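>>> what follows is a predicted protein model with its sequence.
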Amino acid sequence: MIQMIIELPDIDSIKAKRRIVHSLRDRLRSRFRVSAAEVDLQDSLGFSQIGCALVSNSRQFGETVMQKILRFCEDEVPGRIMDVQITSEQY
């Protein structure tokens with residue numbers, strides 16, 4: 001699982017923020033085949049918290065995908081990645 005807080009400068013409306021967040025969420029879902037959502041900070045104009053999850057039988061594969069998601073977001077998001085948490089759980 002990965003969670004990241006993204007700073008979105010120069011956003012002047014919730015509608016503009018949602019357009020960026022929904023686009024990012026949809027691209028993450030289709031490119032990496034993960035579950036993705038805005039998990040917090042929905043009412044904040046300048047920040048968004050995005051979470052992605054993946055179920056796999058390989059911890060190494062899951063962590064590799066999460067690192068690729070982070071690099072993708074760093075390159076594609078029109079803002080700055082503020083805080084990132086990558087966690088793995090094994091059952």
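Yes, it's here.
>>> just the element for the residue most central in space within the chain, please.
A centroid search over the chain (C-alpha atoms, centre = their mean) returns residue 50, at 3.9 Å, as the residue closest to the centre. Using DSSP states H and E, residue 50 falls within strand 47-53.
>>> mean confidence for that strand?
For strand 47-53, the mean per-residue pLDDT is 94.
>>> so which bits of that strand are buried?
47-52 (16 or more other C-beta atoms under 10 Å). C-beta here means a position set from N, CA and C on the backbone, and glycine is covered the same way.
>>> out of those residues, who's nearest residue 25?
Nearest to residue 25 among the buried residues of strand 47-53, counting by C-beta to C-beta, is residue 50 at 7.0 Å.
>>> so what pairs up with the closest one in the strands?
Beta-bridge pairing for residue 50 (DSSP bridges): residue 4, residue 38.
>>> distance of it from residue 91?
To residue 91, residue 50 is 24 Å away according to C-beta to C-beta, to the nearest Å.
>>> now do residue 22
Distance from residue 22 to residue 91, by C-beta to C-beta: 31 Å.
>>> of the two, who's got more company?
The neighbour comparison of residue 22 against residue 91 (other C-beta atoms under 10 Å) goes to residue 22, with 11 against 2.
>>> tell me which element that one is part of?
Counting by DSSP H and E, residue 22 is part of helix 14-32.
>>> mean confidence for that helix?
Mean predicted confidence for helix 14-32 is 93.
>>> thinking again about what came up before, of the buried residues of strand 47-53, just say which sits nearest to residue 17.
The closest of the buried residues of strand 47-53, once distances to residue 17 are taken by C-beta to C-beta, is residue 48, at 6.7 Å.
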